[in-house]
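Undergrad: Whatever this is, show me its structure:
(chains A, B, C and D)
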2 protein chains.
Amino acid sequence: MKHEGDPEDALPSSSPQAVGGEAVLRGKATINDVARLAKVSKKTVSRVINESPFVKQKTRDAIKAVIAELGFTPDPQARALARRKSFLIGLVYDNPSPQYVVSIQRGILDALEGTDFQLVLHPCDRSKPDHVARIQSFIQQHKPFGLILPPSVSEDEPLALALNEADVDYVRIASVELDTPSRMIRTLDGDGGAAAGRHLAELGHRHIAHIHGPLSFRSTHERRAGFERALAETGLVLRPEMAVEGGYTFDGGVSAAEQLLAQPQPPKAIFAGNDEMATGAYVAVRRAGFRIPEDISIVGFDDTPIAGRLWPALTTVRLPIREMGSAAATLLLQTAEGMKAKKFITFSPEIVVRGSTAAPSKD
Amino acid sequence: MKHEGDPEDALPSSSPQAVGGEAVLRGKATINDVARLAKVSKKTVSRVINESPFVKQKTRDAIKAVIAELGFTPDPQARALARRKSFLIGLVYDNPSPQYVVSIQRGILDALEGTDFQLVLHPCDRSKPDHVARIQSFIQQHKPFGLILPPSVSEDEPLALALNEADVDYVRIASVELDTPSRMIRTLDGDGGAAAGRHLAELGHRHIAHIHGPLSFRSTHERRAGFERALAETGLVLRPEMAVEGGYTFDGGVSAAEQLLAQPQPPKAIFAGNDEMATGAYVAVRRAGFRIPEDISIVGFDDTPIAGRLWPALTTVRLPIREMGSAAATLLLQTAEGMKAKKFITFSPEIVVRGSTAAPSKD
DNA sequence: TTCGAAAATGTCACCGGTGTCAATCCTTAT
DNA sequence: ATAAGGATTGACACCGGTGACATTTTCGAA
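TA: Numbering: from 1, shown residues only, chains lettered A, B, ... in the order given. The predicted model follows:
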């Protein structure tokens, strides 16, 4: 028998794949399929997808029902083409510590979970003269929705300038307030340095040294300044010859520590500007025949996974890196939702006392 | 005065932005601009972009000149929409070691440099029941050009099956030959295990133990089998109570080593299935009051950066992880270029002798 | 009941490419 | 010189959405 205008006529087949009725289900439903079934224009469906407030509740519900039934999801490529804006979030990084990088990635991915956005990696070699140009061309070509810049890329002023010109939103993660209009995740590295200084002072240390990062990193100065401030509070000073650069790298940490130990009166406590250099200090200290923490105490910064894997475990200043990554991504997404986003989110570091620090031995 | 058909007519303005002539330069040139200036159809330009062989050399040269002049680059989003295939390469991973992950990423990025492809991260929690579905939906939505699966995701058969159904190309990185039609990067983990065994045997060790990874990892079995094979060659056997699981994690390594040391006759050499567990073994061994390598030798696997940062530096089996990532991406790209790609690329591990192994002490 | 502004919804071109297939241009064999 | 047949090139719809603007509803005020 024949049904004139039976339920199937909801699919008057204007789209070639809508032949078997359920053919819509398999493969991929498009906005046209939804529009047809909901008996509205695709533009209205588009409005629902984009949460436009100008759709009647009843219409919205009906369309949402069809969307759910079809399992429709808008095509990111098509949307990107029409909007001239892709659904990619770029992580532009240049960080010597793999631990840091992975943690940031994790955090961003936490925040992106369940959204349409994807995280794309864009390492950046700041020593190359064309690093800004490369990022610009990435932006022009792929039109990322936003960028996240952890240190030290976050401190690159020429880059920030270029980004302001370009049509991208971005969030920077840095230890100091930067003078650009961008939003940022701020870490109070100074407070972290102070916590390290206070901890060593409270243990009774007087011969204290510092291995700092490259002078080109703002965090280097922040951490050191906080450290010295805390020492000053208990009447201690960081003598100039007790401050050595370690480049934020393991090897740099080794040689910086060697340099400190070679002095007439070697330190009994070392505050390294990051865990990587602290790990290097471990090696140098042991190679010189000293014990940790009996002879020399060591404090790191970051609390990357390696801190807990050393023996003894490293006392360090913890930065909630993963959470920071997550916060950065969230800040970016809020723009997407049209919400008025906060300009800053601040994170405070805290000291994690483990086995690498102890009261100094009596001479 | 008036120029009929002056040079400007090369831009008969069919595109709104082509008003000022050089307006084409600023912003972004499209295929239409190229076609107009080269006086050919956009389809022909498309052919040139895609290196179709059916374009006369002269035409090709002319178009290429225009492309260069305009600095034209095809829009990835538009191409993706038309081809139903994006320019994303997905890294689907689930690996406990951050070092490994970063190295793989680096390698992939090395290979992607200069291409239109972007690397997107897609962590995958294999313990969740819907992990395959999530990846499927990622594929359906974002239509990635290809996926790269390092261990242990590479060993997930249900996933591989789903991927074969789906419309994606993928490359797996694994230690054994897998029975699917996909291409893969193969590592000879067995040889690595054998190298470790041979090294310890040559040093004169007899009381040897092994901390292995999870039984669900193929590499666990490969590494152990190779290790035992090498021992057998010198008449040694790995006694059952000398083989303990450490889950490929740091904590697992600690407790596995503790278990070994608690035995009536503790081992004088330990081969850990990865560096992460070897690091854990360091801690347990020291906590128990033994020295490395004087009392106990330790060998790791992978040669992740941490190996060189321990004290003494860890003797380990090096896997060229970064190169493997790069090779995987290259394999994927070769399909893009229509080249006949190799099915397998094999990498051999090699032992890196550092400070954590020495001849056994006399009892 | 009627009118007008606000609220909803629709129309249609366009984003920047690619696929399909028809049209045109060269060669070479006859 | 000429037709056949492959080599080139072009026309045009379409990929799956969005933007700008037009049109239709809806509803309170007059």
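Undergrad: ok, for the residue nearest the centre of chain A, nearest residue in space, not its chain neighbours?
TA: Closest residue to the average C-alpha location of chain A: A:G325 at 3.1 Å, with CA atoms, centre = their mean. Of all residues not flanking A:G325 in the chain, A:G107 sits nearest, at 2.5 Å (CB to CB, 6 or more residues apart in numbering or on different chains). For every residue, glycine as well, the C-beta is placed using N, CA and C.
Undergrad: again, but for A:L119
TA: Per CB to CB, 6+ apart, closest to A:L119 is B:L121, 5.0 Å.
Undergrad: same check, this time on A:A281
TA: A:A257 (4.0 Å).
Undergrad: quick one: which helix or strand includes the residue nearest to A:L119?
TA: strand B:118-123 (DSSP states H and E).
Undergrad: Would you mind getting the angle between that strand and strand A:118-123?
TA: 120 degrees (axes from the mean of the first three to the mean of the last three CA atoms, to 10 degrees).
Undergrad: just the strands in the stretch 101-250 of chain A please.
TA: With DSSP state E, counting those that start in this stretch as the criterion, the stretch 101-250 of chain A has strands at A:118-123, A:146-149, A:169-174, A:183-187, A:208-212, A:243-245.
Undergrad: got the contact list for the third one?
TA: In this structure, residues lying in contact with strand A:169-174 by CB atoms under 8 Å, 6 or more residues apart in numbering or on different chains are A:104, A:145-151, A:154-155, A:160, A:163, A:178, A:180, A:182-187, A:218-219, A:324-325, A:328-329, A:331-332, A:335.
Undergrad: which of those are buried?
TA: A:104, A:145-151, A:154-155, A:160, A:163, A:178, A:182-187, A:218-219, A:324-325, A:328-329, A:331-332 (16 or more other CB atoms under 10 Å in any protein chain shown).
Undergrad: Of these, which fall within the contact range of DNA strand C?
TA: When contact is defined as CB under 7 Å from any atom of the strand, those do not meet DNA strand C at all.
Undergrad: Listing request: residues of chain A with sub-threshold pLDDT.
TA: A:1-27, A:178-181, A:336-342, A:363 (pLDDT under 70).
Undergrad: 50 - rerun?
TA: Residue ranges of chain A with pLDDT under 50: A:1-26.
Undergrad: Can you tell me what sits against the strand holding B:L121?
TA: Contacts for strand B:118-123 (CB under 8 Å, 6+ apart): A:88, A:105-106, A:109, A:118-121, A:142, B:87-94, B:105, B:108-109, B:112, B:135, B:138, B:142, B:144, B:147.
Undergrad: In PDB, please show the C-alpha coordinates belonging to it.
TA: This file holds the C-alpha atoms of strand B:118-123, laid out as PDB (Å, rounded to 0.1, in the frame of the first residue of the first chain):
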ATOM      1  CA  GLN B 118      49.700  21.200  12.300                       C
ATOM      2  CA  LEU B 119      50.100  18.900  15.200                       C
ATOM      3  CA  VAL B 120      47.100  18.600  17.500                       C
ATOM      4  CA  LEU B 121      47.300  16.800  20.800                       C
ATOM      5  CA  HIS B 122      44.800  14.200  21.700                       C
ATOM      6  CA  PRO B 123      45.500  12.500  25.000                       C
END
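Undergrad: Would you map the helices across chain A?
TA: A:31-38, A:42-49, A:57-70, A:76-83, A:98-112, A:131-142, A:157-165, A:189-202, A:218-233, A:250-261, A:275-287, A:305-309, A:321-336 (DSSP state H).
Undergrad: who in the stretch 51-200 of chain A is up against DNA strand D?
TA: A:F72, A:T73, A:P74, A:D75, A:A78, A:R79, A:L81, A:A82, A:R83.
Undergrad: residues near the fifth one, how many?
TA: By other CB atoms under 10 Å in any protein chain shown, the residues close to A:A78 number 15.
Undergrad: circling back: looking at the helices of chain A, which is buried most?
TA: helix A:275-287 (a mean of 26; mean count of other CB atoms under 10 Å in any protein chain shown).
Undergrad: Next, the angle from it to helix A:98-112.
TA: 150 degrees.
Undergrad: Please write out the alpha-carbon positions of helix A:275-287 in CSV.
TA: This file holds the C-alpha atoms of helix A:275-287, laid out as CSV (Å, rounded to 0.1, in the frame of the first residue of the first chain):
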residue,chain,number,x,y,z
ASP,A,275,64.4,22.4,39.5
GLU,A,276,66.4,21.7,36.5
MET,A,277,69.4,23.7,37.8
ALA,A,278,68.8,22.3,41.3
THR,A,279,69.2,18.8,39.8
GLY,A,280,72.4,19.9,38.3
ALA,A,281,73.5,21.2,41.7
TYR,A,282,72.9,17.8,43.2
VAL,A,283,75.4,16.3,40.8
ALA,A,284,78.0,18.9,41.4
VAL,A,285,77.6,18.8,45.1
ARG,A,286,78.0,15.0,45.2
ARG,A,287,80.8,15.0,42.8
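Undergrad: Packing partners of it?
TA: strand A:208-212, helix A:250-261, strand A:269-272, strand A:297-302, helix A:305-309, helix B:306-309 (3 or more CB pairs under 8 Å, 6 or more residues apart in numbering or on different chains; DSSP states H and E).
Undergrad: Name the residues that touch stretch A:251-267?
TA: A:207-209, A:211, A:241-242, A:244-246, A:270, A:272, A:276-281, A:283-285, A:287-288, A:290, A:296.
Undergrad: The residue nearest to A:G325 contacts A:T330, correct?
TA: No. Using CB atoms under 8 Å, A:G107 makes no contact with A:T330, being 9.6 Å away.
Undergrad: Up against chain B, what does the stretch 151-300 of chain A have?
TA: A:F250, A:T279, A:G280, A:Y282, A:V283, A:R286, A:R287 (CB under 8 Å from any CB of the partner chain).
Undergrad: Let's have the residues you listed in TSV, adding distance to DNA strand D.
TA: Listed next are these as TSV, based on distance: CB to the nearest atom of the strand, whole Å:
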residue	distance to DNA strand D
A:F250	48
A:T279	49
A:G280	51
A:Y282	54
A:V283	55
A:R286	60
A:R287	61
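Undergrad: Can you tell me which of those is nearest DNA strand C?
TA: A:F250 (45.0 Å; CB to the nearest atom of the strand).
Undergrad: Provide a list of residues in contact with A:V102.
TA: Counted by CB under 8 Å, 6+ apart, A:V102 has contacts B:P98, B:V101, B:V102.
Undergrad: where does it sit relative to DNA strand C, distance-wise?
TA: Per CB to the nearest atom of the strand, to the nearest Å, A:V102 is found 35 Å from DNA strand C.
Undergrad: and A:Q118, how many neighbours?
TA: A:Q118 has 26 nearby residues by other CB under 10 Å.
Undergrad: any idea how far A:H142 is from A:R134?
TA: 12 Å (CB to CB, to the nearest Å).
Undergrad: wait, I meant A:F290
TA: Distance from A:F290 to A:R134, by CB to CB: 45 Å.
Undergrad: what's the closest non-adjacent residue to A:R60?
TA: That would be A:V48: by CB to CB, 6+ apart, it lies 5.5 Å from A:R60.
Undergrad: Which residues of chain A lie near DNA strand C?
TA: A:39-44, A:47, A:53-56, A:58-60, A:78, A:81-82, A:84.
Undergrad: repeat that for 6 Å
TA: Contact residues (CB under 6 Å from any atom of the strand) of chain A with DNA strand C: A:V40, A:S41, A:K43, A:T44, A:F54, A:V55, A:K56, A:T59, A:L81, A:A82.
Undergrad: Of these, which are in range of chain B?
TA: Answer for those near chain B (CB under 8 Å from any CB): A:L81.
Undergrad: Pull up the distance across stretch A:49-67, start to finish.
TA: 9 Å (CA to CA, to the nearest Å).
Undergrad: How about stretch A:306-326?
TA: 21 Å.
Undergrad: what about that stretch, distance to the chain center?
TA: 15 Å (CA atoms, centre = their mean, to the nearest Å).
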